[in-house]
Each structure stands twice: as C-alpha cells, then as structure tokens.
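**Q** Make a model of this:
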Amino acid sequence: MAAPRRRTPQAAPRQVRTVLRDTFGLSRLRPGQATVIERVLAGLPTLAVMPTGAGKSLCYQLPALLLPGRTVVVSPLIALMKDQCESLRALGIPAVQVNSAVDSEEARAAEEAVADGSARIIMTTPERLAEPAFLDMVLTHPVSLLAVDEAHCISQWGHDFRPAFLEIAHALPRLGKPVVLALTATATEEIAQDICKQLRIPAAGLVNTSAYRPNLDLRVVPVAREADKLAQALKLVRGTSGSGIVYTATVKAAQAVHEALLAADESTGLYHGKLSTPDRHAAQEAFMSGERRVMVATNAFGLGIDKPDIRFVLHYQLPATLEAYYQEAGRAGRDGQLARCTLLFLRGDKAIQQFFMAGRYPGEEDAAAVLQTLRAPPPQGVSAWTLPLLQARVARARAKLQVALGLLRKDRIVGQARDGSLRLLKAQAGGARMRELTETYGRKRDLDREALERMVFYAQTGQCRWRVLLEHLEGGAPFERCEHCDNCRRIAAHEAVVEDLLRRAPVVEEAEEEDTSPVFTRGDVVEVKRYGRGVVEEANATQVTVAFADRSRRSFLPEYVKRARRQAAAL
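**A** Below is the predicted model:
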C-alpha cells in the first residue's frame, strides 16, 4: 500500500493552534512538544526523549487529528491505553484500544471501528500488532502515523527491553511506511541510536529535552538491615502527606510492605504481576480515584499512570538501572508541585538485581535448541511449529525464545508466516553462526552489570544526585549542584559550619620562622597550599586530615599544613 499523502508543514502552525485550543483546551505547547509536532506534520521520522510529565501523548494525539489517515499507537501500557481512550472519547475523538485486557463486547466494538475506518486513533500492543489478522484489519484504511510509546523497550540496550517490540520494524513496510514517532522518557546516547536504527529514524530526527525536574526532591536513606528498612519505610510513608507509591523489586517484598502498612492503619493497595487481572484493575482504580492513598507495587505498576498529584515515590529495594529509577521516581509530582523521591539503600539488595540478570538473554545454546527443535517434525496433529509449541518443547522462558527467534528471523535462518507458523530457511546453520548471533547479548550482560554499579554509585555518592542522574542520562548537567537534593543540603550545611569556624578563628600572628613540625588538634582552622582553608578532623605526628568547604577530605603530611592567618584589617 502506498504511503498516505501528508500535509505540508506550511499549513500546520495555524491548524495546530486551532486544534490545541478548540479540542484540547490548551493555550500553548510545552517545551519540545512544538518541535516534535512540527516534525511529525512535516512527515519526518522522529525520536522524542522527553521527561515524565512533559506531555508526550499530545505529540501524537494532536497530529492524529490533522493527518489524513489514521494513527496507530503501539504501547506496552494497557492501563494507560484505557485512561487515554476514555480521555480522548470525552474530547469527541474516536479512539479505540485493542489488547488482551478489554472484555469481549468492547473488543468487538473496537475491531468494528478499526475495520470500518471510524477509529481515528488505534491503540494496541506490539503483540497484537504482530498478529497477521489484526494487521490486515488495520490496513483496510490508510495509516498516516505510527507512534511507538515507551520506545526504549525496542532497544536491546534499554532497561526494559521487550522482545515483542522487535516485530514493529517488520510491520512498518506493510503499514505503508507511515511517519514514525518514537517516544520515551529515558534514553542514553547508545539506546537512542539503537531505537533510531530499529525504526529507521535518522540521527537528525532526535529531539531530546532535559530530564531535569526541579520539583523532585531526591534523597537516599542508607539502612544496615532488612528490619531497619521496613521501619524506615513505615516512618517515611507516615511522615509524608498525599498519595504515593512504594516500589519493590520482588513480589515477596511488596506483600511484606503492604501487610506492614495495613497493620499501621495506612490506606494501602497492592499491585504485582502475580495478581489476577481483576485484582490488579481494582487496585489501580482505587489508587487513581484516591480511595487508597498508597500503592505498594513491583515495577509492573505505574508505566504511563497519569496521576498528577503523587507526592512521594519510595523505592524499597534498589532498581537495576538509573533509567528505571528515573522513570519510576518521575511518576511523582507531575503537577509541578514538590514531591519526594526516596531510595532505601541496603547493600545486599544488589544481589536481587544480579539474580534477575542471570539467564535474561539467549545464548548460543538457546538459539541452537530452537534450530534443533524446528528441524524435527511438529507434534502429531499439528501442521507447523509455533512459538507456544516451541516454548513447551525447549523449556525456555518466552522472552528468551522471542529474542532468539528475532535474531534467527533477522538472519533469514527462520521464517514466520502470517499465521504465526515457523519454518527453517537454512537448515544447515551451524553452531559458529549461533555463537556470532548471540554474542551481542554477552555484551548486554556486561552493560547490565555496569548499569547496576552506576545505580549503586548513585545510592552511595556524596555528589549532587541530580547531577549524577543528568550526567548519565544526558552526558552532562548544567549545574554543579541542584541545591535541593539531600546531598546538596548536606554540603550546604557543612559549608556553613566551616565558614562559621573560619569566621571565629583567632588571629595567629605570623612567626619570624615557620614551625616545620606543627601540632594540630581537631577543630583547628588551617590552610593548605592549592586547597585553601579547612578544618582539622584528625591529626597525629605523621598525618593531618582536613575537611574543606567543598565537603572533600584530604590527608597531608604535617609540614604541608599551616594554621590559618588573618590580616589585621579583616578583624
């Protein structure tokens, strides 16, 4: 199918203002939105990296009303689809969601709207987009825009890689090569490059706005034992007003924290992947409506949750990466008001993430097992192998198999028909080729370990936390200190103490001959060449440890340290 005709960019500014005002009730666009929308309307593929709360959804919702064909939105966020569909319909925009969570009646109505062309915006999952029958239904009418939300999921280097996203690139040609808009809140340079490569977005198509959000108060509370951590969590939840989320890395921890908060008479819900769909839905609705003040959840909860007045996010266990931490913490304070983002840091929690890393990616033996199985006849009564049958036979995790199959399909060793059946294209592919295909994931494991170490560094650093985050996410920060994270507050308090000591230090007249073997005691104000003034913290006959105004501590031989002197005019 030929690509649909796209509107010229010259007509866009006036139409954008009209639709923005009359349909969405907004007077102006936020930073970054205007650039992204202008590119989409000009038919230019774009990757938009914008922080949580920056209005990414509007970047495809508004163009969807101006482009001639319809818009397909691919997202892993089923909860967000529901909220957005309801919001769009309330604005009079014909939108439908097609995913596994909708009931049969809504699914039938959505499919009818897709088939007859009345749906202007179609929101679906990558898994559903990969289904040949659904794709045929979508293609009954031209598609002008393909929006890929949470686009970091398509990158094998991303913190939340999902194999189903690999199918989007295969679907693009069949969709008639619509304008592609990828959106994410977190993408390092390497991840952004990979997203662009997968979706054929040129380097010039990257629009990256700052991740800095000054209303988020970042802090870390170190704890020595698991029991201390639970006590701190209760204290922090009780001591913070407004709604909040407590994130855990494991279901077991989520259950424990939930029970402890209930015992403390806190209004608390529980959300994790092992709960039934109705239970998860009820918990989410109670939190979104304000019936429950606190949600205790694994990372299965929160992607795309549009609740603007979350006042705190507490991480009970260490996340795997700074990207994941930023995205989860960033769900607080979307209304622009002050919100606290606290990480409880127990060194032993690092082992939890190390456990999750083990076996996450396919190796040579996994790809070989797929090939060996496909060489054999399928089970009796079945005409061809499919992914579910393959999973049952080789006993590997579904995600692992999806990645392995994606690699084999990309290398044209395995083919997949429109009905989902699999077939070997190169039956003689050997182990050497399997090793070449999967060795990339060895690098991915190394990068995962490095990412976890950066997360640990963030938890332990004495530097400005926002600076550490921005240097990782954006390659640099526009400031030395944000002045409002816990470390910046500690540095400022320390500087105030040092300055007060320096102000009150007695005058020491310059001696005719300098003492080559000075003796110092704790609290003495001293001077060190190149470092300036500081306060003695420890001293003995061979070493003097000095704390300086920048919160650094350095040790020197006594002969390099002198007592601070003041000019008489300064007294």
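**Q** Past the longest helix seen in the chain, which element shows up next along the chain?
**A** Using DSSP state H, we find that the single longest helix of the chain is helix 431-460. Next in sequence after helix 431-460, counting helices and strands by DSSP states H and E, comes helix 465-474.
**Q** With just CA atoms, put that next one into PDB.
**A** Extracted as PDB, the C-alpha positions of helix 465-474 are listed here (Å, rounded to 0.1, in the frame of the first residue of the first chain):
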ATOM      1  CA  ARG A 465      22.200  13.500  42.900                       C
ATOM      2  CA  TRP A 466      20.500  15.400  40.100                       C
ATOM      3  CA  ARG A 467      24.000  16.000  38.600                       C
ATOM      4  CA  VAL A 468      24.800  12.200  38.700                       C
ATOM      5  CA  LEU A 469      21.400  11.400  37.000                       C
ATOM      6  CA  LEU A 470      21.800  14.000  34.300                       C
ATOM      7  CA  GLU A 471      25.400  13.100  33.500                       C
ATOM      8  CA  HIS A 472      24.300   9.600  33.000                       C
ATOM      9  CA  LEU A 473      21.100  10.300  31.000                       C
ATOM     10  CA  GLU A 474      22.300  13.300  29.000                       C
END
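**Q** Now do that helix: which elements does it pack against?
**A** If you count contacts as 3 or more CB pairs under 8 Å, 6 or more residues apart in numbering; DSSP states H and E, helix 465-474 packs onto strand 216-222, helix 322-329, helix 431-460, helix 486-504. Backbone N, C-alpha and C define where each C-beta goes, glycine included.
**Q** Buried residues, that helix. List them.
**A** By 16 or more other CB atoms under 10 Å, the buried positions in helix 465-474 come out as 465, 466, 467, 468, 469, 470, 472, 473, 474.
**Q** show me where the stretch 1-150 of the chain has helices.
**A** Using DSSP state H, counting those that start in this stretch, the helices of the stretch 1-150 of the chain run over 12-22, 33-41, 58-66, 78-90, 104-116, 126-129, 132-138.
**Q** Turn those helices into a markdown table, columns for distance to residue 487, mean pLDDT and mean neighbour count.
**A** Formatted as a markdown table, these follow (distance: least, CB to CB, whole Å; pLDDT from 0 to 100; neighbours: other CB atoms under 10 Å):
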| stretch | distance to residue 487 | mean pLDDT | mean neighbour count |
| --- | --- | --- | --- |
| helix 12-22 | 40 | 80 | 14 |
| helix 33-41 | 32 | 88 | 22 |
| helix 58-66 | 34 | 92 | 23 |
| helix 78-90 | 33 | 81 | 18 |
| helix 104-116 | 49 | 87 | 14 |
| helix 126-129 | 39 | 86 | 20 |
| helix 132-138 | 50 | 87 | 16 |
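**Q** Using the three-state scheme, assign residue 415.
**A** Classification of residue 415 using DSSP: H, G, I helix; E, B strand; the rest coil returns strand.
**Q** Quick check: it vs residue 424, distance?
**A** According to CB to CB, to the nearest Å, residue 415 stands 8 Å off from residue 424.
**Q** The two: who's more crowded?
**A** In this view residue 415 and residue 424 are compared by other CB atoms under 10 Å, and residue 424 has more residues nearby, 16 against 13.
**Q** so that one bridges to which residues?
**A** Beta-bridge pairing of residue 424 under DSSP bridges involves residue 414.
**Q** can you pull the contacts of it?
**A** 371, 374, 375, 413, 414, 415 (CB atoms under 8 Å, 6 or more residues apart in numbering).
**Q** List only buried entries from those.
**A** By 16+ other CB under 10 Å, those give 371, 374, 413, 414 as buried.
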